[in-house]
Structure formats: structure tokens, C-alpha cells
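Asker: Sequence first, then the predicted structure:
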4 protein chains.
Amino acid sequence: MSEPNIPAVRSRGRPRSDVSQLAILNATRDLLEERGLVDLTIEEIAQRAGVGKATIYRRWPSKGTLAFEAFAFQFLARQPLPDTGNLRGDLLAALLSWIRAVKGTVTGRTLVGLIAEVQRDPELAQIWAEKFVKPVRAQQHLLISRAVERGEIAATADPDIAIDMLFGPAYHRLLQSHLALSDRFARNLVDTIINGLAAGEPTVR
Amino acid sequence: MSEPNIPAVRSRGRPRSDVSQLAILNATRDLLEERGLVDLTIEEIAQRAGVGKATIYRRWPSKGTLAFEAFAFQFLARQPLPDTGNLRGDLLAALLSWIRAVKGTVTGRTLVGLIAEVQRDPELAQIWAEKFVKPVRAQQHLLISRAVERGEIAATADPDIAIDMLFGPAYHRLLQSHLALSDRFARNLVDTIINGLAAGEPTVR
Amino acid sequence: MSEPNIPAVRSRGRPRSDVSQLAILNATRDLLEERGLVDLTIEEIAQRAGVGKATIYRRWPSKGTLAFEAFAFQFLARQPLPDTGNLRGDLLAALLSWIRAVKGTVTGRTLVGLIAEVQRDPELAQIWAEKFVKPVRAQQHLLISRAVERGEIAATADPDIAIDMLFGPAYHRLLQSHLALSDRFARNLVDTIINGLAAGEPTVR
Amino acid sequence: MSEPNIPAVRSRGRPRSDVSQLAILNATRDLLEERGLVDLTIEEIAQRAGVGKATIYRRWPSKGTLAFEAFAFQFLARQPLPDTGNLRGDLLAALLSWIRAVKGTVTGRTLVGLIAEVQRDPELAQIWAEKFVKPVRAQQHLLISRAVERGEIAATADPDIAIDMLFGPAYHRLLQSHLALSDRFARNLVDTIINGLAAGEPTVR
DNA sequence: GCGTAACCGAGACGGTACGTCCCGTCTTGAT
DNA sequence: ATCAAGACGGGACGTACCGTCTCGGTTACGC
């Protein structure tokens, strides 16, 4: 978000301070935990970080984009690409990792808050798409393509549908809170995704 | 939300004005269209409706609950309970109705905004659960139970999983905007829900 | 400045609070003494008065106009209209009162600050002209017209010149600080105003 | 103020750029005209002059001192020492020169602004006393002492009072704007200074 | 038909955070 | 050592809304 991969042309003037950058991100991380995204204020972050407000605004256009950067690393780090050798195991492992990361955690509340914030902050929406959705999705595609290679899924199946069927219901429960994100839910969901709802041939069940 | 079904004891004092009630809801509806839920302010609604702010606060505890009331009727009215005689048809009809109601519409943008708002407004969260999730979900349960009666779904199947598999991916795409809510998506999703991902033949289940 | 002489039409809505009004003026008076006009901030006045900033801005367009109101009363109260029976006595008494009020006092420093502020604040400039210059000047005119009636000054003399010759040099020394506002200066000035610079005898003109 | 008359020891390192010096003064002069002293900011001067802010602070301690330097030359150049051969002519010429320089001019507005600024900027106050009040006053003293030599004024008269009686009223009108700085005012003032207010018996003057 | 209680529009209230502006200083690489 | 550039910590600005309170006035019931 803020670090270009290539040092670029080394712009003129005093360079931005890494110390401030870090202090801001740490203060944000702490306050996110203490107050949640909703009650986060730029003013308090600045004060906590010992930094002028302008220094924050110089780097992040909104509190959403700042919170995202403080959130993204620790979330993404907890989403390993599982490799259990079969589709069911992979999907279940991925889903359970996600549930572990978000259920009843600060990370989870922040994730929900950020999804809410994405709806109102176009700058954040762009970063969200680029730095969150895209990499996460790329990883999820691997799960599906490996299953296709193993012949567990027909090559004609739409991988996007498959991914959305796994995480869509999970996000749905996280956001609507209508039902629990239990392990039972995870197993049940994965099985139904693979086998479908349709009552099997031995209809006599 | 605000009017009790039973007139109750008919309290003393000047009764609340229906004219104001309507003016507020109309102003809210208009401003929702002009600005979106995010930039909606009670102050502007009051001004537009020619009403004191207190008159609004007397009836709704927050802008979310007010916006919900302005939103709920027109959304729910567009979600008929389909009855096509088979599971696939019912699911597809329900999903397509939902997509028609939300894709590229003010209603859709308001729905997204309300889901965001639910995360930060406890009063709204309660109303949301009671007046939106519960009735909608009850209707969706009918779809599944009818399919069970018809023998299209095993009686042991979890209807909540089934419903979440249908609408979870749809809400996911609405909120994350990563992929389009196309008719093709709807058909593909319904088929996969019913038949599962698993490759072709009645694999060794 | 803020109180209309006639209660007018009694405008609608909650009336402005006299308690707040007074608290603001008192806080301003205190801070004027502690910090001086230059380092006066609306923010601190609001905090000291236990009042929102908007409540101040609703009443006074700038810190200058507010400071003026806090200053004017106590200054004007100290500028009595002297009546010693002769021009010399009257002018001297008026000048000495002025010097007593401003020399080495908070009032004096505030007066200087306000004259400075008048140069940069058009709203204040208007109030200054109306509520300060005009009444003070009207009083000073009386001094001169009484002397004319007594035959001490020719009826053709310009009273404005006379007043400016008395207070102009005084303000000049207050603002430029080049020389002291001593009693000796006052006596000397008054004498020279009355008798002129021209050397003694009806010189050979 | 900034250039020492003697080059001194020719200090080490890169010498200060004359080009920058001039660019800063020119930018200041222009912005003084465009915005007035009040709304002058160091930031904008630096940008306009194509110069770093530090380069300005290295030379002038405040915007007042900088503005003074941009102002002083063109003001002082317009204040010649008149020599008409008599007191009345000299005083009138000096006063009219002053009025010409300040009435309705950028120089006048800057003069007023600087007097205001002097009240809040101690560094400027010192420079103001040394580089403005002192030389101007020395020149004005000449006017009076020549009149004393000519016998037009008693040797015992206080020359400072005389000077203040001439310019005090003028500055007063410039700062308070209560009456015009007309030629009529100038003549009337000078006459009254010389002859006094008192209705003389030898009315035959 | 009078009192009283709850409502009404208007708008001021104390408060909080906003995002901007400018201050005067500091830190770069380049003269 | 100074230059242009521009980031730094700081602090006040004036604004926007929040949700509450206080006016004078309006209904409509219960006495």
C-alpha cells in the first residue's frame, strides 16, 4: 500500500519516516483491539503514536485504509494454503482456518468492520479488492485447480462458484450472525458442496 | 417497529402525527436515493421533512432503524415465495428475484449499507434479526421443506446449510463486488448446490 | 452587539442562553488577562467557559469581536466626561483618565491588541467604529463644544482636529512606544494644543 | 538587517545566495500587494520565490521582519526632508508627503499592518524602533530644531511634543479610519499646531 | 370547557472529531 | 555551510452532526 517494490527515483525532500510509519501502525493495531474499528479516531491514533495528524493523512486517505494495513498482515498470515491430498480435506482445512481466525476474535470484528467500511469508502474499496480479495482468491483458486487435476472435480466446473459456495455462507453467518460458525457447520457445508443437496439414487434414505 | 398493532390503552396527550411520520419516511427514502445510507444525516432528514429532530428521535433510535423501515417494505414486497413444483425451479426463482431487487438498485445499495450499519448499531441489529432475517428466513425454510416433502432432498439434510449455500454466495458477491451477480451465476450456483462439485459418475459414495 | 434594544419578534426555537453568554465573556476576560489578545484561542475560551465552540461562533464572528465586548464595558466605564469649568482642565482630565486606564494595564494592552486586530478583521472594524469610536468621540465633542460656548475656542475651529490633536499623540505613543505617556507629557501636550507652538509674543507675522 | 556592511571573515561553506535573497523580497512585495500582511504566509512566499522555507528563516526571524524590509525602503524613500524656509511650510510638506505615501496605497496598508504586527512580534518591535522610528524621528527633529534656530518656536518648547502633534493625529486617522486624511485636514492641523486652539485676543492674525 | 399531558417545529445546547492550514524545525542529496 | 524540497510534531481553526434540551404553541383526553 505504501511501499513501492522498486525504490523508484528517490524523490526529493525529506523522506517519510519509517519510525512514524511503524508507530502509527502499532497505535492503530492497539486501538483496534481496544475500541474496534467503529470507535477508532484518527485523532487518538495520532496522539497515541506521538505523531501529527497530517503525518497520517499524508500516508492514508482514510481510517479504513489505515486499519486495513494494520489488519491485513496478521489476517493473511493465518490463512495457510492447506494440502491434505484431497478436496474435502483441503476445503475443510481452509474453512476451519478462516473460522479460527475470525470467530470471536478482534481480527474477526475488524474484518466485519472493514467489509462495512468498504461499502462507504471508495479508496478503501480499491485497496480491498487489490490487496485482499485478489491474493486471497488466487490462493483459493489453487485449491480448486488441484482438485481438478486430481480428477475430483469436473474440468468444466466453475471454480469461482466453488469458492463462493465455501466462503459465501461463512461470511454470511459472520455478517448476519443468524447462526453459529461451528465446526459442525463447516463439515456439513463442505460435504454438501461436494455431494450436493440432491437425494442420492438409493433415494430410500 | 413504531406502531403497536393493538392501539393499547390510548395514552393521554397529543397523539403522534401521522403526517410527520410519513414525511419523515418519504424524506428518508429520497435522501437514501440521493446520498446513500452513509451520508444520510438525521439533521437533513428533519429539515427535508419539515420536522424537528426530536420528532425523529422519539420514533426511531438511530438512522439505521429509520433507514431500515424505509427499506424493508419495498424489499420484502419483491421477494415472493416461488412455487415452481421442483427444487431447482424454486431456488432459481428465489435467487433471481433477489438479484433483480438488489443488483444496481437503490434497494441493493441500501441493503449493503444496512448490513454494514448492523455491525455498529445494536438497536438496528436487533430489529434486523427480528424484522428482516427471521421472516425472510422462515420463507426460505418453506422452499426447503417442500423439497423434502417432495423427496428431492434427504430429510436429514440441514435446511440452514442449504439456504446459506444459496444466499451466502449471493451476498458475498454483493458485498465484495469481486464478480458479477449474473443470471449465469445464479443457474450455475443452483445446479452445483443440488448436484455437488464431485465429478460426474455416481462416485463411490 | 448581541442584545437588541427591543426584544423584537421573539424568534422561534430555543433561545440563546444568558448563562452561556456570561460564562463566555467571563472566560474571555480572564484569559485576556492571563494571555493577552494575541494568544487568546477560541478553543480555550470554550473549554474554560464549559461551552461548545459552536456556541461562541453562533454569537461572535471572530475572537476580535468577542474580545471587544469583554473589553469595551470596563474601558468605557473608566472614561468619564470631565467638567472642570475650563478647557485646559477638561482636556487634561480627559487625557489623564485615558492614560490611567491604559498605561501599563491589561486594558491598555488589550486596547493596543484590538486596534491591531481591527486592521485585519472587517467585522470587528465595523463594530469598533460603531460601538467604540462613535460613542467615545461623541463624548469628546462635548468637551470642545462647551469650550466654544464659553468662548475659549473660536466657533470656527474644527472640533475634530482638536480631538485628534489631543488623543492622536497619546495613541501614537501607546502604539509606537517611542516615548513615555507621562503626566508631564499630558500637561505639555494640552498647553501646546491650546497655545500653539508659535513663539510667545504676537510675533512679527 | 541582513547584510553586514563589512564582509567580515568570509565564513566557510557555501555563501548565501543573493539570487534567493532578491527572489524572497520580490515575492514578499508581490504577496503583500495581493493579500496584505495579514494573510501573508512564509509558506507561500517560499513557494513563490522558489526557495526553501529554511532559507527564509535563516535570514529573517518572522514574517513581520521580512515584510518590514520589503516595506521600509520604498516608504523611507518617499519621505524627503523638506526645506521651505518656514515652519508652517516644512510641517505641511512633511505631512503631505506622508499622506501621499500612505493614503490608499499598498504602502499605507502595509504600514498599518506592521504597526499591528509590532504589537505581537518582539523581534519586529526592536527592528521597528531601530530602523524605522529612530531614523524617521531624527529627521523630524531637524524640522523643529531649524524652526527654533529661525526663532519661530521658543527654545524651551518640547520638540517631541511638536512631532507627536503633527504625526499623532495623522496615524490616528490612518488606524481608526474615523475621518479622512484630506489636504484640508493637513492644513488645518498644521495651523492649529502653530497657533493653538485658544481664541486669541489679538484676533488680527 | 378547563387543565394537563404529550406532542409539535425550531433551533440552541455541550460535545467530539473532522480534515486543513500553517507554524518553525529537521533531514535528505546536491551544490 | 547553504540550497530546494518536503516531511515532521504540534496546535488551532471553523464546520458538521451528534443526541438532548428548551422555547412557544397545538391537540385531545379526562375531569
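Answerer: Yep, it's here.
Asker: Quick check: phi and psi on the residue of chain A found nearest DNA strand F?
Answerer: Here the residue of chain A nearest DNA strand F is A:G13; by CB to the nearest atom of the strand that distance is 2.0 Å. Every residue, glycine included, has its C-beta placed from N, CA and C. Backbone torsions of A:G13, given as degrees, to the nearest 10, read phi 80, psi 170.
Asker: is it true that A:L174 touches A:T105?
Answerer: No: between A:L174 and A:T105 there is no contact under CB atoms under 8 Å: 11.0 Å.
Asker: Comparing those two, which residue is more hemmed in?
Answerer: A:L174 (20 against 14; other CB atoms under 10 Å in any protein chain shown).
Asker: Identify the residues contacting the residue of chain A found nearest chain C.
Answerer: Residue nearest to chain C within chain A (CB to the nearest CB): A:E43, separated by 13.7 Å. Applying CB atoms under 8 Å, 6 or more residues apart in numbering or on different chains, we find A:E43 in contact with A:K53.
Asker: now do A:F71
Answerer: Listed by CB under 8 Å, 6+ apart, the contact set of A:F71 reads A:32, A:107, A:110-111, A:114.
Asker: A:L175 versus the closest residue to A:V102 other than its chain neighbours, what's the distance?
Answerer: For A:V102, ignoring the flanking residues on the chain, the nearest one in space by CB to CB, 6 or more residues apart in numbering or on different chains is A:G108 at 3.3 Å. Separation of A:G108 from A:L175 (CB to CB, to the nearest Å) stands at 11 Å.
Asker: do A:S97 as well
Answerer: Counting by CB to CB - A:S97 and A:L175 are separated by 19 Å.
Asker: These two: who's more crowded?
Answerer: Comparing A:S97 with A:L175 by other CB under 10 Å, the one with more neighbours is A:L175, at 20 against 15.
Asker: so what's the more buried one closest to, chain neighbours aside?
Answerer: What sits nearest to A:L175 in space, not counting adjacent residues and going by CB to CB, 6+ apart, is B:I115, at 5.8 Å.
Asker: residues contacting the one you found?
Answerer: B:I115 neighbours (CB under 8 Å, 6+ apart): A:116, A:119, A:175-176, B:171, B:175.
Asker: would you say it is within a strand?
Answerer: No: going by DSSP: H, G, I helix; E, B strand; the rest coil, the assignment for B:I115 is helix, not a strand.
Asker: mind listing the helices for chain A?
Answerer: Using DSSP state H, the helices of chain A run over A:18-35, A:42-49, A:53-59, A:63-77, A:87-102, A:106-118, A:122-127, A:134-149, A:159-176, A:183-195.
Asker: tell me the mean pLDDT for the last one?
Answerer: The average pLDDT for helix A:183-195 rounds to 96.
Asker: So which elements touch that helix?
Answerer: helix A:87-102, helix A:159-176, helix B:159-176 (3 or more CB pairs under 8 Å, 6 or more residues apart in numbering or on different chains; DSSP states H and E).
Asker: mind redoing it with 10 Å?
Answerer: Here helix A:183-195 touches helix A:87-102, helix A:159-176, helix B:159-176, helix B:183-195, going by 3 or more CB pairs under 10 Å, 6 or more residues apart in numbering or on different chains; DSSP states H and E.
Asker: can you give me the angle the third one makes with helix B:183-195?
Answerer: Per axes from the mean of the first three to the mean of the last three CA atoms, to 10 degrees, the angle that helix B:159-176 makes with helix B:183-195 is 160 degrees.
Asker: Also the first one?
Answerer: Orientation note: helix A:87-102 sits at an angle of 110 degrees relative to helix B:183-195 (the same axes, to 10 degrees).
Asker: What helices and strands are in contact with helix A:87-102?
Answerer: Partner elements for helix A:87-102 (3+ CB pairs under 10 Å, 6+ apart): helix A:63-77, helix A:106-118, helix A:134-149, helix A:159-176, helix A:183-195.
Asker: Using CSV, lay out those helices together with distance to B:S17.
Answerer: Output for the helices and strands packed on helix A:87-102, formatted as CSV (distance: least, CB to CB, whole Å):
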stretch, distance to B:S17
helix A:63-77, 39
helix A:106-118, 34
helix A:134-149, 51
helix A:159-176, 35
helix A:183-195, 47
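Asker: Out of those, which one sits most buried?
Answerer: Using mean count of other CB atoms under 10 Å in any protein chain shown, the stretch among these with the greatest mean number of neighbours is helix A:159-176 (a mean of 23).
Asker: now the angle from that helix to helix A:134-149?
Answerer: Angle, helix A:159-176 to helix A:134-149, by the same axes, to 10 degrees: 130 degrees.
Asker: so how far is helix A:159-176 off the chain centroid?
Answerer: Centroid separation for helix A:159-176 versus its chain: 12 Å, with CA atoms, centre = their mean, to the nearest Å.
Asker: residues in contact with the spatially closest residue to A:L25 that is not a sequence neighbour?
Answerer: Spatial nearest neighbour of A:L25, chain neighbours left out: A:A70 (5.2 Å); criterion: CB to CB, 6+ apart. A:A70 makes contact with A:24-33, A:37, A:40, A:45, A:60, A:110, according to CB atoms under 10 Å, 6 or more residues apart in numbering or on different chains.
Asker: can you count the residues close to the closest residue to chain D within chain A?
Answerer: Here the residue of chain A nearest chain D is A:G13; by CB to the nearest CB that distance is 9.3 Å. A:G13 has 6 neighbours, counted by other CB under 10 Å.
Asker: shouldn't it be in contact with D:K53?
Answerer: No: using CB atoms under 10 Å, A:G13 is not in contact with D:K53, being 11.5 Å away.
Asker: where does chain A dip in pLDDT?
Answerer: Scanning chain A with the threshold set as pLDDT under 70 gives A:1-10, A:199-205.
Asker: what does it put close to chain D?
Answerer: Residues of chain A lying close to chain D (CB under 10 Å from any CB of the partner chain) are A:G13.
Asker: Among the helices and strands packed on helix A:183-195, which comes closest to D:D83?
Answerer: Set against D:D83 and scored by CB to CB, these come closest in helix B:159-176, at 88.0 Å.
Asker: Now do that closest one and helix B:106-118, the angle between them.
Answerer: Here helix B:159-176 runs at 100 degrees with respect to helix B:106-118, directions being taken by the same axes, to 10 degrees.
Asker: Show me what helix B:159-176 is packed against.
Answerer: Helix B:159-176 sits against helix A:106-118, helix A:159-176, helix A:183-195, helix B:87-102, helix B:106-118, helix B:134-149, helix B:183-195, with contacts defined as 3+ CB pairs under 10 Å, 6+ apart.
Asker: hang on, isn't the residue nearest to A:V102 packed against A:R173?
Answerer: No: if you go by CB under 10 Å, A:G108 and A:R173 don't touch, sitting 11.3 Å apart.
Asker: which neighbours do these two share?
Answerer: Counting by CB under 10 Å, 6+ apart, the shared contacts of A:G108 and A:R173 are A:99, A:181.
Asker: Now look at stretch A:101-120 and say if it contacts DNA strand E.
Answerer: No: using CB under 7 Å from any atom of the strand, stretch A:101-120 never reaches DNA strand E; the gap is at least 10.9 Å.
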